[in-house]
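Colleague: Quick check, what structure comes out for this input:
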Amino acid sequence: MKKISNNVLLLVFVLSLACVICGQDYPLRDAQEFRVRDGLANFFGKLQAGKEVRIGYLGGSITAQAGWRPKTLKWFQEQYPNAKISEINAAIGGTGSDLGVFRLEHDVLRNKPDLLFVEFAVNDGGAPPHRIQQAMEGIVRQTYAADAETDICFVYTLVAGWAKTLRDGKFPRAASAMEAVADHYGIPSIHMGLEAAKMEGEGKLIFTAAKPETDAEKAAVGDKIIFSPDSVHPYIDTGHELYLQAVVRGMEAIRKVGKPGAHVLGEPLVADHWQAAKMVPLGKANLSQGWRKLDASGHSLAKRFGNRMPELYFTNQSGESVTIRFKGTGLRIYDLLGPDCGQVIVKVDGGEGKIVPRFDAYCTYHRLATLVVAEDLPDEVHTVNLQVHPDQPDKAKILAKRNEKIYDPKRYDDTVWYAGAILLIGEIVE
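Modeller: Numbering: from 1, shown residues only. Take a look at the predicted model:
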């Protein structure tokens, strides 16, 4: 059988270690495949009436796969053939609720969902419980504020290292933190991986393995289900099928409870929730003259990421800057990492500059990222300045962490910064 990627195994180890370090004393919730709570009565009422219904899927790479997302969409369509059911695919690999809460309106709410699935349990595995609750409650409150009849369902996935925790009768830490938000707002939840963890313990499932190819490999596996090739992302025809079946079992129970009506925003669970989180186009900031706005019709990256970023700006000149004045508690920049990217000098309220690379060990290609500028600030007016650093990071050394090499030096020889939006908890001050 093929070897599993060392990078993914490292990810699983880091997530498991993070669960120990971050919030190690956080009380774990009892494991239960689904909790119906107040149900999804608005959503099911529309389905039964044969209306046009949109299902939003907000999550990471497990949701981005052609797995539980299209499988559940098809199941709803088969269950309610008279309704016109479509999806809003808002999944971005490698991202958690702390980005989801900022991009929610742009990627989901403006498309008017009737049901919102939220899947971030794996990618939130290394986050402190309070930060998870700030973001998840922000997602809930933004959704209800946009349309009080939109229903929400939390869904949880898992990595290999968390299966034993489930078999021991407890949710891992991230899902446990999310359950407190679900309790507070009466939101139903489904743990899609509980059955897989149980089957592994019974010897019916192999969590991580390549699919057998030779007769000998097939004989060694027997009738066991192979869940995932990399300990994280399920195979479409096995692991994701188990995820589908878990959602179906949950929905069979959930659709029997609740009454249609508006969701009421009462007192919050955490006082410093992120309902105010928003995405603001970078053009609202004060940009120095060396910035160029990229046209999606003529630039491949602007076209590629145009569905996620409202706009994309480019500069590779030392000293070019972005200055933002805002009243609020936190600010990030929605940007790209990639082979040609450099470093940014970050200053908050005139303080000492901090150098932040926009290049990491995975930068053999371009991908979405966030530059965390400031968090947990006093809720008052602040000024941040971000400036392109004149020097490149040591790209060869960084890539060597994953045994990658620079085969085409021209792709890497630059100090570019691609920035698209301000992720803000607060308001821009003109």
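Colleague: how far does the lengthiest helix in the chain sit from the chain's center?
Modeller: Looking across the chain with DSSP state H, the single longest helix is helix 129-146. Centroid separation between helix 129-146 and its chain, computed with Cα atoms, centre = their mean, to the nearest Å, is 13 Å.
Colleague: cool, stretch 269-285 as well?
Modeller: The answer for stretch 269-285 is 16 Å, by Cα atoms, centre = their mean.
Colleague: For it, give me every contacting residue.
Modeller: Stretch 269-285 has contacts (Cβ atoms under 8 Å, 6 or more residues apart in numbering) with 101-106, 130, 133-135, 137-138, 141-142, 145, 180-181, 184-185, 268, 293, 310-311, 313, 322-324, 328-329, 333-334, 419-426, 428. From N, CA and C alone the C-beta is placed, and that goes for glycine too.
Colleague: Sitting in helices, which of these do you find?
Modeller: Among these, the members found in helices (DSSP H) are 101-106, 130, 133-135, 137-138, 141-142, 145, 180-181, 184-185.
Colleague: got a pLDDT number for Asn6?
Modeller: Here, the pLDDT recorded for Asn6 equals 41.
Colleague: let me fix that: Gln343
Modeller: Per-residue confidence (pLDDT) for Gln343: 98.
Colleague: What's the local residue count around it?
Modeller: Neighbourhood size, Gln343 [other Cβ atoms under 10 Å]: 19.
Colleague: Leaving out the residues flanking it, which one is nearest to it?
Modeller: Spatial nearest neighbour of Gln343, chain neighbours left out: His389 (3.8 Å); criterion: Cβ to Cβ, 6 or more residues apart in numbering.
Colleague: Which positions within whichever helix or strand comes after the longest helix of the chain qualify as buried?
Modeller: For helix 129-146, the succeeding helix or strand toward the C-terminus, using DSSP states H and E, is strand 151-156. Judged by neighbour count (16 or more other Cβ atoms under 10 Å), strand 151-156 contains these buried residues: 151-156.
Colleague: Isn't Ile55 up against Phe76?
Modeller: Yes - counting by Cβ atoms under 8 Å, Phe76 is a contact partner of Ile55 at 6.9 Å.
Colleague: Excluding chain neighbours, what is closest to Pro129?
Modeller: Using Cβ to Cβ, 6+ apart and skipping the chain neighbours, the partner closest in space to Pro129 is Ala177 (3.9 Å).
Colleague: measure that neighbour to Val140 for me?
Modeller: 13 Å (Cβ to Cβ, to the nearest Å).
Colleague: quick revisit: so what sits against both of Ile55 and Phe76?
Modeller: Common neighbours of Ile55 and Phe76 (Cβ under 8 Å, 6+ apart) are Ile85.
Colleague: Show me where the chain has its helices.
Modeller: 6-21, 41-48, 61-64, 68-79, 97-107, 129-146, 163-167, 173-185, 194-201, 215-221, 239-254, 300-304, 395-400, 409-412.
Colleague: so how many other residues sit close to the residue nearest to Pro129?
Modeller: Residues lying near Ala177 (other Cβ under 10 Å) number 26.
Colleague: Would you check how far apart it and Thr165 are?
Modeller: Distance of Ala177 to Thr165, given as Cβ to Cβ: 14 Å.
Colleague: now the top strand by length along the chain, how far from the chain's geometric center?
Modeller: Counting by DSSP state E, the longest strand found in the chain is strand 321-337. Chain-centre distance of strand 321-337: 20 Å, with Cα atoms, centre = their mean.
Colleague: Okay, buried residues for that strand please.
Modeller: Residues of strand 321-337 classed as buried: 321-322, 324, 326, 328-337 (neighbour count, 16+ other Cβ under 10 Å).
Colleague: Let me know the closest of the residues you listed to Ile88.
Modeller: Closest to Ile88 out of the buried residues of strand 321-337 is Tyr334 (19.0 Å), distances taken as Cβ to Cβ.
Colleague: Which residue is the nearest non-sequential neighbour of the closest one?
Modeller: Closest to Tyr334 by Cβ to Cβ, 6+ apart is Ala421, at 4.0 Å.
Colleague: quick one: the one you found and Pro310 touch, right?
Modeller: Yes - in this structure Ala421 lies within contact range of Pro310 using Cβ under 8 Å: 5.9 Å.
Colleague: Which one of those two is surrounded by more residues?
Modeller: Neighbour count, other Cβ under 10 Å: between Ala421 and Pro310, Ala421 has more, with 27 against 14.
Colleague: how close does the residue nearest to Thr95 when sequence neighbours are not counted get to Gln134?
Modeller: Of all residues not flanking Thr95 in the chain, Gly60 sits nearest, at 5.6 Å (Cβ to Cβ, 6+ apart). According to Cβ to Cβ, Gly60 and Gln134 sit 18 Å apart.
Colleague: which residues touch the closest residue to Gly338 other than its chain neighbours?
Modeller: Computed as Cβ to Cβ, 6+ apart, the closest residue to Gly338 that is not its neighbour in sequence is His366, at 3.6 Å. Residues near His366 by Cβ under 8 Å, 6+ apart: 301, 304, 336-339, 418.
Colleague: Just name the closest of the residues you listed to Pro27, please.
Modeller: Distance to Pro27, by Cβ to Cβ, is smallest for Leu337 among the contacts of His366, at 35.9 Å.
Colleague: The closest one pairs with what?
Modeller: For Leu337, the beta-bridge partners under DSSP bridges are Arg367.
Colleague: Quick check: it touching Thr370?
Modeller: No - contact criterion Cβ under 8 Å: Leu337 and Thr370 do not qualify, at 9.9 Å.
Colleague: picking that back up, quick check, pLDDT for the residue nearest to Gly338.
Modeller: With respect to pLDDT, His366 scores 96.
Colleague: now swap in Lys347 and tell me
Modeller: The score at Lys347 is 98. That number is its pLDDT.
Colleague: Touching, it and Val384? I think so.
Modeller: Yes - between Lys347 and Val384 there is a contact under Cβ under 8 Å: 6.8 Å.
Colleague: Looking only at neighbour counts, state which of these two leads.
Modeller: Set Lys347 next to Val384 and count neighbours by other Cβ under 10 Å: Val384 wins out with 22 against 17.
Colleague: Check the gap between the more buried one and Val429 for me.
Modeller: Distance from Val384 to Val429, counting by Cβ to Cβ: 11 Å.
Colleague: Name the residues contacting each of these two.
Modeller: By Cβ under 8 Å, 6+ apart, the residues touching both Val384 and Val429 are Phe326.
Colleague: Filter the ones in helices among the contacts of stretch 269-285 down to just the buried residues.
Modeller: Members of the ones in helices among the contacts of stretch 269-285 classed as buried by 16+ other Cβ under 10 Å are 101-106, 133-135, 137-138, 141-142, 180-181, 184-185.
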